[in-house]
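**Student:** here's my sequence, what's the structure:
(one chain, ligands or ions: 1)
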Amino acid sequence: MTNYDESQVPAYRLPDPLVCLDGTPVGDAQTWRAKRRGELLELFTEHVFGLTPSAQPTVHVDVFEEGDALEGRAVRRQIVLRFGADGPQMDLLVFLPAGQRAPVPTFLGLNFFGNHSIHADPAIRLSTQWMRETGQGVVDHRATEAARGVLSSRWALDAILARGYGLATAYCGDLDPDYDDGYANGIHPLFYDAGQTQPRDGEWGTIGAWAWGLSRALDYFQLDEQIDDRRVAVMGHSRLGKTALWAGALDERFALVISNESGCGGAALSRRCYGETVERINTSFPHWFCNNFRRYNGREETLPVDQHMLIALAAPRPVYVASAVEDRWSDPRGEFLSALHADPVYRLLCDDGLPIDTMPELDAARMGRIGYHVRSGGHDVTDFDWRCFLDFADRHLQK
Ligand code: GTR
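**Tutor:** Down below sits the predicted model:
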């Protein structure tokens with residue numbers, strides 16, 4: 001039974017991000033950097049998301065399409081990244097503001113239903129990959145022409161470009177299709193040792209694979225002179241928000257991190273057991289996390305971490321947590337509390353964190369080095385969300 005009753009939230013004690021495993025308090029940035037940050041990264045690796053392989057396959061980069069887009073307001077570029085000799089490939093779609101004189105800061109986020117779903121632009125290559133049938137215009141798990149632009153409301157492309165940012169996106173299913181197949185498809189097999197057929201219990205699942213792909217997109221940005229790879233904001237919604245947080249933790253080249261309604265395993269505190277729980281998510285989506293995470297089914301209080309520490313792994317880089325009040329499944333209050341309990345780490349490292357200590361009123365963004373809002377409405381990404389992300393990026397990336 002799902003708990004939506006605040007009075008039924010169990011009493012809990014959060015692990016302290018500023019106390020090392022051996023009990024040493026973290027009183028300065030040096031101890032955080034040299035000791036504590038690595039401990040937390042290892043704990044999330046071992047117990048939650050699993051180990052991302054350090055070996056890299058060869059990545060073949062092919063810019064297969066370029067052109068003017070959106071009546072001349074943008075430049076569109078499509079790139080395919082091929083992993084390994086005959087491994088999977090990821091289509092990266094990039095829109096940049098037209099007429100730019102210097103490399104632009106860029107938002108990067110994975111999408112749920114293919115690049116063609118984020119805008120009706122007919123030049124966007126239609127995905128041929130497997131996808132969930134919950135997507136509009138998806139027939140027999142494949143996209144049809146009718147799927148073009150079906151999720152464009154989630155990507156405020158005009159606003160992003162008008163404010164001088166680029167937008168880059170790729171389909172998460174290019175990296176690993178979102179169903180439990182024992183990791184036979186997607187990029188996992190590329191990294192198996194001889195004879196290995198599945199990740200080990202502490203090795204990466206699907207979210208780990210998705211996060212890995214975000215870093216490969218960033219590798220490409222380093223080659224693209226029109227994108228400022230030192231000003232990339234990694235953004236994601238829901239399962240892809242969990243992914244954005246994990247990518248931001250693993251790869252400190254991401255300059256800014258945005259979680260939109262990422263909920264359980266993302267920004268929401270697991271110990272609150274409000275809305276989606278660890279057991280529930282591991283049951284519905286056994287492929288997202290590493291197998292070790294299942295040890296905490298119904299035993300959230302024994303987790304060596306909680307999700308405020310995932311937010312803290314972004315520090316001192318700016319991080320934004322966005323909630324929606326009707327999206328109780330992802331526990332807006334638990335997301336706010338994660339941001340709040342990451343604040344001490346930010347204060348230590350850069351003397352700026354979340355400027356509030358109680359949840360703000362609806363539809364009012366609050367921004368320091370940590371930003372937060374809870375908007376009206378349900379599980380989605382809206383123009384309001386993007387306005388806040390853009391304001392936050394202006395504040396931190398345009399200096
Ligand atoms: C739900 C899942 C959530 C969230 C969401 C989404 O089914 O329980 O954790 O990830 O999907 O990604 O939209």
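**Student:** now do the SS call for the spatially most distant residue from the centre of the chain.
**Tutor:** Summary for the chain: using CA atoms, centre = their mean, the residue whose C-alpha lies farthest from the chain's mean C-alpha position is residue 195, with a distance of 31.5 Å. Assigned with DSSP: H, G, I helix; E, B strand; the rest coil, residue 195 falls in the coil class.
**Student:** and what of residue 60?
**Tutor:** Under three-state DSSP, residue 60 comes out as strand.
**Student:** surely it meets residue 82?
**Tutor:** Yes: with contact defined as CB atoms under 8 Å, residue 60 and residue 82 form a contacting pair (4.2 Å). C-beta here means a position set from N, CA and C on the backbone, and glycine is covered the same way.
**Student:** which one's more surrounded, the two?
**Tutor:** Neighbour comparison, residue 60 and residue 82: the larger count goes to residue 82, with 16 against 13 (by other CB atoms under 10 Å).
**Student:** tell me the helix or strand right after the helix or strand where that one lies.
**Tutor:** Secondary-structure element containing residue 82, defined by DSSP states H and E: strand 74-83. Once strand 74-83 ends, the next helix or strand along the chain (criterion: DSSP H and E) is strand 89-97.
**Student:** what is that next one packed up against?
**Tutor:** Packing contacts for strand 89-97, counted by 3 or more CB pairs under 8 Å, 6 or more residues apart in numbering; DSSP states H and E, involve strand 74-83, strand 104-111, helix 157-162, strand 166-171, helix 172-175, helix 206-221.
**Student:** got those as TSV, with mean pLDDT columns?
**Tutor:** Compiled in TSV, those are given as follows (pLDDT from 0 to 100):
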stretch	mean pLDDT
strand 74-83	98
strand 104-111	98
helix 157-162	98
strand 166-171	99
helix 172-175	98
helix 206-221	98
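**Student:** just name the most buried of those.
**Tutor:** Among the helices and strands packed on strand 89-97, helix 172-175 has the highest mean neighbour count (mean count of other CB atoms under 10 Å), at a mean of 27.
**Student:** and that one, how far from the chain's centre?
**Tutor:** In terms of CA atoms, centre = their mean, to the nearest Å, the centre of helix 172-175 is set 14 Å apart from its chain centre.
**Student:** by contact count, what packs against that helix?
**Tutor:** Using 3+ CB pairs under 8 Å, 6+ apart as the contact test, the elements touching helix 172-175 are strand 89-97, strand 104-111, helix 206-221, helix 239-250.
**Student:** gap between the residue lying closest to residue 318 once chain neighbours are set aside and the ligand?
**Tutor:** With CB to CB, 6 or more residues apart in numbering as the criterion, residue 318 has its nearest non-adjacent residue at 4.2 Å, and that residue is residue 396. If you measure residue 396 against the ligand using CB to the nearest ligand atom, to the nearest Å, the figure is 26 Å.
**Student:** burial measure for residue 396, as a count.
**Tutor:** Counted with other CB under 10 Å, the burial measure for residue 396 works out to 20 neighbours.
**Student:** let's verify the closest residue to residue 103 other than its chain neighbours: helix, strand, or coil?
**Tutor:** Computed as CB to CB, 6+ apart, the closest residue to residue 103 that is not its neighbour in sequence is residue 228, at 3.8 Å. On the three-state scheme (three-state DSSP), residue 228 is labelled strand.
**Student:** I'd say residue 228 and residue 100 touch.
**Tutor:** No: the criterion here is CB under 8 Å, and residue 228 misses it with residue 100 at 10.0 Å.
**Student:** of the two, which one has the most company?
**Tutor:** residue 228 (19 against 16).
**Student:** for that one, give its distance to the ligand.
**Tutor:** The spacing between residue 228 and the ligand, counted by CB to the nearest ligand atom, is 29 Å.
**Student:** do residue 368 as well
**Tutor:** When CB to the nearest ligand atom is the yardstick, residue 368 and the ligand sit 27 Å from each other.
**Student:** skipping its backbone neighbours, what lies nearest that residue in space?
**Tutor:** Taking CB to CB, 6+ apart, and ignoring the residues beside it in sequence, residue 368 has residue 355 as its nearest neighbour in space, at 4.3 Å.
**Student:** in which helix or strand does the one you found reside?
**Tutor:** Here residue 355 is covered by no helix or strand, with elements defined by DSSP H and E.
**Student:** next up, the contacts around it.
**Tutor:** Contact analysis of residue 355 by CB atoms under 8 Å, 6 or more residues apart in numbering lists 366, 367, 368.
**Student:** identify the bridge partners of the residue lying closest to residue 160 once chain neighbours are set aside.
**Tutor:** In this structure, residue 160 finds its nearest non-sequential neighbour in residue 167, 5.0 Å apart by CB to CB, 6+ apart. Listed beta-bridge partners, residue 167: residue 95, residue 107 (assigned using DSSP bridges).
**Student:** residue 167 contacts residue 154, correct?
**Tutor:** No: under the contact definition of CB under 8 Å, residue 167 does not touch residue 154, with a separation of 11.4 Å.
**Student:** what sits against residue 322?
**Tutor:** Contacts of residue 322 were listed using CB under 8 Å, 6+ apart, and they are 258, 259, 260, 261, 372, 373, 374, 375, 385, 388, 389.
**Student:** so which bits of this structure are right by the ligand?
**Tutor:** 238, 239, 263, 264, 276, 281, 284 (CB under 6 Å from any ligand atom).
**Student:** name the nearest of those relative to residue 87.
**Tutor:** Taking CB to CB as the measure, residue 87 lies nearest residue 239 of these, at 22.7 Å.
**Student:** the closest one contacts residue 205, doesn't it?
**Tutor:** No: here residue 239 does not reach residue 205: they are 11.4 Å apart, not a contact under CB under 8 Å.
**Student:** which positions in stretch 232-245 come out as buried?
**Tutor:** Residues of stretch 232-245 classed as buried: 232-245 (neighbour count, 16 or more other CB atoms under 10 Å).
**Student:** figure out how far stretch 201-210 is from the centre of its chain.
**Tutor:** With CA atoms, centre = their mean, you get 14 Å for stretch 201-210.
**Student:** surely residue 383 meets residue 159?
**Tutor:** Yes: proximity of residue 383 to residue 159 meets the contact threshold set by CB under 8 Å, at 6.8 Å.
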